[in-house]
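**Q** pasting a predicted model and its sequence here:
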Amino acid sequence: MLIFKTLSLFFATALAEILGCYLPYLWLKKDGSIWLLLPAIISLSLFVWLLTLHPAATGRIYAAYGGVYVVSALLWLRVVDGVKLSVFDLAGAGIALLGMSIIVYGWNNA
């Protein structure tokens, strides 16, 4: 159950971070409204707060979060940007998630 809760929290955290970075990108590169910065600030604030909800030392949180972020960024690439993922994208995401799972599993043993 811990792994499901942790993964869900990590994916919510990643979505907040990616959205918080994507909105300024739209403003700067795609001629979006400057008002996109307001939800970007809210999203990045949510990202920081979500990171504080994890039950482990910050270094472990950031290391484990990296694996989920890789998967989330590739999902964003596919869904939002419409880019087809390659076998290398999928393999890399799988390896990143495996690494994240090992780190999370070790939280109870550290």
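**A** Thanks, I have it. In this text the structure is predicted, and so the values were computed from the model without any measurement.

**Q** please name the nearest non-neighbouring residue to the residue sitting nearest the centre point of the chain.
**A** Closest residue to the average C-alpha location of the chain: Ala14 at 2.2 Å, with CA atoms, centre = their mean. By the measure of CB to CB, 6 or more residues apart in numbering, the closest residue to Ala14 outside its immediate chain neighbours is Ser72, 3.6 Å from it. C-betas here are computed from N, CA, C, even on glycine.

**Q** likewise for Ala40?
**A** Closest to Ala40 by CB to CB, 6+ apart is Leu23, at 3.8 Å.

**Q** mean confidence score for the helix or strand containing the one you found?
**A** Assigned by DSSP states H and E, Leu23 belongs to helix 2-29. Average pLDDT, helix 2-29: 91.

**Q** about what we covered before: you'd agree the residue nearest to Ala14 is up against Ala16?
**A** No - Ser72 is beyond contact range of Ala16, at 10.1 Å (criterion: CB atoms under 8 Å).

**Q** which neighbours do these two share?
**A** Jointly contacting Ser72 and Ala16 under the rule CB atoms under 8 Å, 6 or more residues apart in numbering is no residue at all.

**Q** per-residue confidence for Asn108?
**A** Reported pLDDT for Asn108: 69.

**Q** my bad, should have said Leu98
**A** pLDDT for Leu98: 92.

**Q** now do Leu85
**A** pLDDT, Leu85: 98.

**Q** make 59 the first number, not 1, from now on.
**A** Taking 59 as the first residue, the last one we looked at is Leu143.
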